[in-house]
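Asker: just a sequence and a predicted model for now, questions to come.
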Amino acid sequence: MSKLTTSPAWQALAAHHREIAHLHMRDLFQQDPQRFEKFSFESGGLFFDYSKNRVTEQTMQLLFDLARQSGLAERIEQMFSGEKINATENRAVLHTALRNLDKNPVRVDGDDVMPKVNAVKEKIFQFSDQIRSGERVGYTGRPFTDIVNIGIGGSDLGPLMVCNALKNYGHERLRMHFISTVDGDQIVSTLKHLNPETTLFIVASKTFTTQETITNARTARKWFLDRVGNETHIAKHFVAVSTNAKAVAEFGIDTANMFEFWDWVGGRYSLWSAIGLPIAIYLGKHDYQDLLHGAYTMDEHFKNKPFEHNLPVIMGLLGVWYINFFDATTHLVSPYNQALQRFPAYLQQLDMESNGKSIDLDGERVDYHTSPVVWGDAGINGQHAYYQMLHQGSQIVPVDFIASIEHPEIPEPHSTILMANFFAQTEAFMRGKTAAEVRAELDKAGITGPAQDALVPHKIFEGNRPTNTILMQRLTPRRLGALIALYEHKIFVQGTVWNVNSYDQWGVELGKQLARTIEHDLTTPGLTQTHDASTNGLINYYKRNVPR
Ligand SMILES: O=P(O)(O)OC[C@H]1O[C@H](O)[C@H](O)[C@@H](O)[C@@H]1O
């Protein structure tokens with residue numbers, strides 16, 4: 001058994017779980033009229049209700065003990081102060097420095113990173129102002145209308161999600177496009193509608209070696225040159241965002257047109273860096289700064305609030321409670337706000353690439369679950385698709401419900417119906433419906449006797465299914481910034497409890513390595529025989545059938 005599962009705090013939670021797992025939240029609410037007040041609070045403009053969880057005050061105390069036992073306070077301090085907590089890559093983890101609004105230095109290897117962070121930020125603001133105002137133009141002197149971000153993973157999902165979420169704040173002349181996959185369809189169908197005179201390409205890659213991104217960037221460059229026929233115009237239409245100036249120059253983008261960031265920014269934590277360039281262009285300086293400000297507010301909250309009032313700490317620990325003690329293997333994020341539709345996809349990388357690990361920081365294999373499968377889509381659509389399983393299925397799926405109160409530009413009754421469903425679902429998950437309630441309803445509908453008996457078990461809802469509710473007044477840049485930072489820190493809390501490195505991602509390497517070999521196999525005539533029988537068989541089936 002591991003250090004963690006034999007530890008006093010873990011053992012205390014396991015014993016407590018045996019005592020309270022049978023309790024129903026319905027009864028907990030009935031027994032304590034103050035439950036909502038006790039288990040809800042507001043921070044960074046986010047109102048957080050966690051009263052519909054299978055916890056008592058004692059559960060929370062034991063979870064806080066677990067956090068203390070894991071050295072969370074020290075880990076938080078280490079992260080914010082630039083210690084190299086990404087041990088396997090020997091790197092600091094300082095996405096928080098990118099939104100740091102206080103004047104204190106943040107040091108990596110003794111050097112204050114803030115001057116260079118601020119210098120790149122200024123360059124971003126200058127560039128984005130020029131694009132927005134029309135001062136910076138394409139090769140024929142026309143202002144830009146289309147911004148194409150070419151990137152994948154962290155160089156795509158963050159800017160894409162934020163630009164979608166904050167459409168109401170976007171510049172009306174600018175259309176944002178995001179190209180990530182290498183299947184060709186995305187880039188071909190996007191370029192089809194674009195005019196090279198008014199299109200700006202941002203090639204975004206931390207490493208500038210990612211095959212998909214480089215392939216798409218080459219295709220974009222060829223498309224551009226085929227239409228423009230003059231290499232000198234590339235400088236006006238292609239910029240790069242990267243930590244790798246050498247590779248940017250080799251690709252043929254002048255490093256004067258490069259926006260820099262650093263190895264202490266993880267890919268999935270990079271939207272606050274120059275990777276956020278499309279966001280700055282779309283939103284403009286003021287709203288972009290507001291986004292950073294929102295994240296900074298959450299950083300301060302995370303750093304300074306006692307665990308008992310600390311939103312990311314509580315969210316993280318609740319996740320641990322379900323994953324490790326109730327065997328919940330998935331976690332649903334359900335935004336009731338169309339603008340946040342891509343938020344779950346963004347969180348999939350953030351969470352699963354961070355904590356999807358089974359070797360701990362001491363190099364030992366863990367004997368407990370780590371990252372859940374994170375999933376989700378716009379909540380109201382889910383109600384008519386997968387919520388059946390959530391209400392009556394055999395597994396517990398904890399859900400985060402997220403909504404904003406004001407929906408500008410949306411006519412009634414849309415918002416009221418949306419929010420009625422939002423509240424109804426968390427109530428239904430908590431309360432469920434008892435056999436007696438089902439029978440009363442069937443009596444009313446005139447279904448009695450054996451017909452009623454046969455139906456009752458199918459119409460019972462056990463309830464007792466946990467949900468968190470996050471409500472904000474309005475989805476503004478500031479609130480979104482706080483929301484993203486909340487999840488970043490929640491993930492860090494869980495990684496700390498699980499004693500894993502949340503900041504490396506070695507698990508993505510093997511597939512990339514094998515793809516390089518197989519790419520060669522696919523273009524080599526004759527039978528491929530160097531893999532296992534299945535992989536050989538599939539490759540050869542493909543080779544036989546691919547049109548040449
Ligand atoms: O920004 P890049 O270096 O192109 O990397 C893009 C993405 O690909 C990698 O495979 C990693 O899994 C991600 O963490 C990263 O965000």
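Answerer: Received the coordinates, thanks.
Asker: quick one, what contacts the residue in the stretch 351-500 of the chain that the ligand sits nearest to?
Answerer: With CB to the nearest ligand atom, the shortest gap between the stretch 351-500 of the chain and the ligand falls at residue 353, namely 5.7 Å. Glycine gets a C-beta too; all of them are placed from N, C-alpha and C. The contact partners of residue 353, taken as CB atoms under 8 Å, 6 or more residues apart in numbering, are 153, 268, 505, 507-508.
Asker: and it, what pLDDT?
Answerer: pLDDT for residue 353: 98.
Asker: a helix runs through it, doesn't it?
Answerer: Yes: under DSSP: H, G, I helix; E, B strand; the rest coil, residue 353 sits within a helix.
Asker: and the stretch 101-250 of the chain, which residues reach the ligand?
Answerer: Selection of the stretch 101-250 of the chain residues close to the ligand by CB under 6 Å from any ligand atom yields 152-155, 205-207, 210, 213.
Asker: buried ones among those?
Answerer: Taking 16 or more other CB atoms under 10 Å as the criterion, what is buried in these is 152-155, 205-206, 210, 213.
Asker: which two in the residues you listed are spaced the farthest apart?
Answerer: 154 and 213 (11.3 Å; CB to CB).
Asker: let's have the residues of the stretch 101-250 of the chain next to the ligand in JSON lines, adding pLDDT and secondary structure.
Answerer: Converted to JSON lines, these look like this (pLDDT from 0 to 100; DSSP: H, G, I helix; E, B strand; the rest coil):
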{"residue": "152", "pLDDT": "98", "secondary structure": "coil"}
{"residue": "153", "pLDDT": "98", "secondary structure": "helix"}
{"residue": "154", "pLDDT": "98", "secondary structure": "helix"}
{"residue": "155", "pLDDT": "98", "secondary structure": "helix"}
{"residue": "205", "pLDDT": "97", "secondary structure": "coil"}
{"residue": "206", "pLDDT": "96", "secondary structure": "coil"}
{"residue": "207", "pLDDT": "96", "secondary structure": "coil"}
{"residue": "210", "pLDDT": "96", "secondary structure": "coil"}
{"residue": "213", "pLDDT": "98", "secondary structure": "helix"}
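Asker: buried stuff in the top helix by length along the chain?
Answerer: Looking across the chain with DSSP state H, the single longest helix is helix 477-498. Within helix 477-498, the residues scored as buried using 16+ other CB under 10 Å are 477-498.
Asker: in the stretch 51-200 of the chain, which spans are strands?
Answerer: Taking DSSP state E, counting those that start in this stretch, the strands of the stretch 51-200 of the chain run over residues 107-108, 111-112, 146-150, 175-179, 199-204.
Asker: for residue 136, find the nearest of those.
Answerer: Across the strands of the stretch 51-200 of the chain, residue 136 has its closest neighbour in strand 199-204 (8.7 Å, CB to CB).
Asker: what's around residue 458, how many residues?
Answerer: A count of nearby residues for residue 458, using other CB atoms under 10 Å, gives 8.
Asker: quick one: residue 401 from residue 446, how far?
Answerer: 36 Å (CB to CB, to the nearest Å).
Asker: of those two, who's got more company?
Answerer: Between residue 401 and residue 446, counting by other CB under 10 Å, residue 401 is the more crowded of the two (22 against 8).
Asker: quick one: that one is in a helix?
Answerer: No: per three-state DSSP, residue 401 lies outside any helix segment and is strand.
Asker: for residue 334, which three-state class applies?
Answerer: Put simply, residue 334 is strand when judged by three-state DSSP.
Asker: interface residues of the stretch 251-400 of the chain facing the ligand?
Answerer: 267-268, 353.
Asker: ok, which stretches of the stretch 251-400 of the chain are helices?
Answerer: For the stretch 251-400 of the chain, applying DSSP state H, counting those that start in this stretch gives helices covering 277-283, 285-304, 311-320, 343-347, 354-355, 379-383, 387-392.
Asker: can you name the residues in contact with the shortest one?
Answerer: Contacting residues not belonging to helix 354-355 are listed as 268, 370-371, 491-492, 494-495, 498, 500, 502-503 [CB under 8 Å, 6+ apart].
Asker: count of neighbours near residue 406?
Answerer: Using other CB under 10 Å, residue 406 has 11 neighbouring residues.
Asker: now residue 411
Answerer: Around residue 411 there are 7 other residues, counting by other CB under 10 Å.
Asker: can you check residue 141 too?
Answerer: Neighbours of residue 141 under the rule other CB under 10 Å: 7.
Asker: do you know how far it is from the ligand?
Answerer: Using CB to the nearest ligand atom, to the nearest Å, residue 141 is found at 33 Å from the ligand.
Asker: do the same with residue 76
Answerer: Relative to the ligand, and taking CB to the nearest ligand atom, residue 76 is found at 23 Å.
Asker: so that residue touches residue 301, yeah?
Answerer: No: the pair residue 76 and residue 301 does not pass the contact test of CB atoms under 8 Å, sitting 11.4 Å apart.
Asker: what's the closest non-adjacent residue to residue 182?
Answerer: Nearest-residue entry for residue 182: residue 212, 4.0 Å, with adjacent residues in sequence omitted and distances by CB to CB, 6 or more residues apart in numbering.
Asker: tell me the gap between the host helix or strand of the one you found and the middle of its chain.
Answerer: Per DSSP states H and E, residue 212 falls inside helix 211-228. Counting by CA atoms, centre = their mean, to the nearest Å, helix 211-228 is centred 28 Å from the centre of its parent chain.
Asker: so what does it touch, helix or strand wise?
Answerer: Counting contacts by 3 or more CB pairs under 8 Å, 6 or more residues apart in numbering; DSSP states H and E, helix 211-228 packs against strand 146-150, helix 185-191, strand 199-204, helix 234-237, strand 238-242.
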